[in-house]
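Asks: Give me a model of this one.
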Amino acid sequence: MVIRAARESDLPGVFAIYDREVLHGTCTFDTVPKTEAERLEWFRADGGGRYPILVAEEAGRLAGWARLYQWSPRPAYARAAENAVYVDVAFRGRGVGRALMDELLRLAYAAGIRVVIARVVEGNPASRALHEAMGFTTIGVMHQIGEKFGRVLDVRMMERVVE
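Replies: Residues are numbered from 1 along each chain as shown. Okay, the predicted model is just below:
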């Protein structure tokens, strides 16, 4: 498996993985796939390289992707970022998420980010287990914060201090 910076040409594969969750899962609270223009805007909003997008490739296929996001536009929060990790269903349980997260945390530290935050929707045990295995701890639960597919959902807030 190769972990590398995403390229614009990866966007169809990235969004094939993401749109499956948009349309059929609760890992994201997006409910409508992004347009081509929105995908490009999303890709280019990397904070001058501070918020990388990574992809995992295996046997010429995109196995997953991960990224950091700005936590808040307020300057005092510049040391924090939020993460996202998505793995194609065909590659789950094979260490793809962990490999992506390892590199994402390394890049976060190099960019001066010292706290990485995760929002994990309840009922997503794989994401919770990955974050816990990577040293994230629960800092709270937002109860009944989202609704998707007629289900009211809680979101677990997790953090990891990056050292």
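Asks: which regions of the protein lie under the pLDDT threshold?
Replies: Counting by pLDDT under 70, not a single residue of the chain qualifies.
Asks: Helices along this structure, start to end?
Replies: Secondary structure of the chain (DSSP state H): helices located at 11-24, 36-44, 96-110, 125-133.
Asks: got JSON lines for those helices, with distance to Gly60 too?
Replies: For glycine as for every other residue, the C-beta is placed from the backbone atoms N, C-alpha and C. Converted to JSON lines, these look like this (distance: least, C-beta to C-beta, whole Å):
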{"stretch": "helix 11-24", "distance to Gly60": "11"}
{"stretch": "helix 36-44", "distance to Gly60": "21"}
{"stretch": "helix 96-110", "distance to Gly60": "15"}
{"stretch": "helix 125-133", "distance to Gly60": "24"}
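Asks: which one of these is the most hemmed in?
Replies: helix 96-110 (a mean of 19; mean count of other C-beta atoms under 10 Å).
Asks: Who are the packing partners of it?
Replies: Contact here means 3 or more C-beta pairs under 8 Å, 6 or more residues apart in numbering; DSSP states H and E; on that basis helix 96-110 packs against strand 2-5, strand 53-58, strand 61-70, strand 80-87, strand 115-121, helix 125-133.
Asks: one more time with 6 Å
Replies: Helices and strands touching helix 96-110, by 3 or more C-beta pairs under 6 Å, 6 or more residues apart in numbering; DSSP states H and E, are strand 53-58, strand 61-70, strand 80-87.
Asks: Let me have those in CSV, extended by distance to Gly135 and mean neighbour count.
Replies: Rendered in CSV, the data for the helices and strands packed on helix 96-110 read as follows (distance: least, C-beta to C-beta, whole Å; neighbours: other C-beta atoms under 10 Å):
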stretch, distance to Gly135, mean neighbour count
strand 53-58, 18, 20
strand 61-70, 16, 21
strand 80-87, 12, 21
